[in-house]
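Asker: Dropping the sequence and predicted coords here.
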Amino acid sequence: MRIEVILLVLLIGAPAANAADCTAPAAPQVDWQRCYMDGRDFVGHGLAGARLRETSFQRSDLSGADLGRVDAYRGRFISAAMRGARLEDGVFSEADFTKADLSGASLVRADLRRAKFYHASLRGADLTGAKTLGAELLGADLSGARWTDGQRICAEGSLGQCN
């Protein structure tokens, strides 16, 4: 009986395998799944390969940050400053970029399926090879952006679609 109780206590008190550490410093391959990083400054930080699934970065500054190869499925980047950020080869499917500033950002080969870009700025962004099936671009400013085909540059005043 005593051994069973000790084992039960150990199992209940044991941390879950692969648990996210929301207090870990910003670094490549950090595990911030389901964390709240709202309103924080990550300017120029390297987060390449990080696990950011369902993490919130509302009103955070990620300008110039390296988000290459991150898994940010269902991430929330609402009103985030992401000017010049690098999101190459990242998974951002179902992410919310409502009112985010992605001016000059590189989204080359990013998975943006079913992502929301309501009234976001993608001015001068590079979307070469990005997967955009089901992405919502209502009111998104695509002026000067390089479209997914890697050839077409969206005309000035392109809102919600690349003209």
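Answerer: Looks like it came in fine. Residues are numbered from 1 along each chain as shown.
Asker: What residues does residue 99 make contact with?
Answerer: 78, 79, 118, 119, 120 (C-beta atoms under 8 Å, 6 or more residues apart in numbering). (Each C-beta comes from the backbone N, C-alpha and C, glycine too.)
Asker: Kindly report the same for residue 100.
Answerer: 77, 78, 79, 80, 81, 82, 117, 120, 121.
Asker: count of neighbours near residue 60?
Answerer: Close neighbours of residue 60, defined as other C-beta atoms under 10 Å, add up to 23.
Asker: and which of the contacts of residue 100 is nearest residue 152?
Answerer: Nearest to residue 152 out of those is residue 117 (C-beta to C-beta; 17.6 Å).
Asker: Pull the contacting residues for the closest one.
Answerer: 97, 98, 100, 135, 136, 137, 138, 140 are the contacts of residue 117 under C-beta under 8 Å, 6+ apart.
Asker: Now it. Nearest residue, chain neighbours left out?
Answerer: residue 140 (4.3 Å; C-beta to C-beta, 6 or more residues apart in numbering).
Asker: What distance do you get for the one you found to residue 93?
Answerer: 17 Å (C-beta to C-beta, to the nearest Å).
Asker: who's more crowded, these two?
Answerer: residue 140 (28 against 20).
Asker: give the contact list for that one.
Answerer: 117, 118, 119, 120, 121, 122, 159, 160.
Asker: Likewise for residue 83?
Answerer: Contacts of residue 83 by C-beta under 8 Å, 6+ apart are 63, 64, 101, 102, 103, 104, 105.
Asker: For the closest residue in space to it that isn't next to it in sequence, which residues are in contact?
Answerer: Closest residue to residue 83 in three dimensions, ignoring its sequence neighbours and counting by C-beta to C-beta, 6+ apart: residue 63, at 4.4 Å. Counting by C-beta under 8 Å, 6+ apart, residue 63 makes contact with 43, 44, 81, 82, 83, 84, 85.
Asker: Spatially central residue in this protein, please.
Answerer: A centroid search over the chain (C-alpha atoms, centre = their mean) returns residue 72, at 4.8 Å, as the residue closest to the centre.
Asker: For the residue nearest to that residue when sequence neighbours are not counted, grab the count of nearby residues.
Answerer: Closest residue in space to residue 72, ignoring its immediate chain neighbours: residue 52 at 4.1 Å, by C-beta to C-beta, 6+ apart. Per other C-beta under 10 Å, the neighbour tally for residue 52 reads 29.
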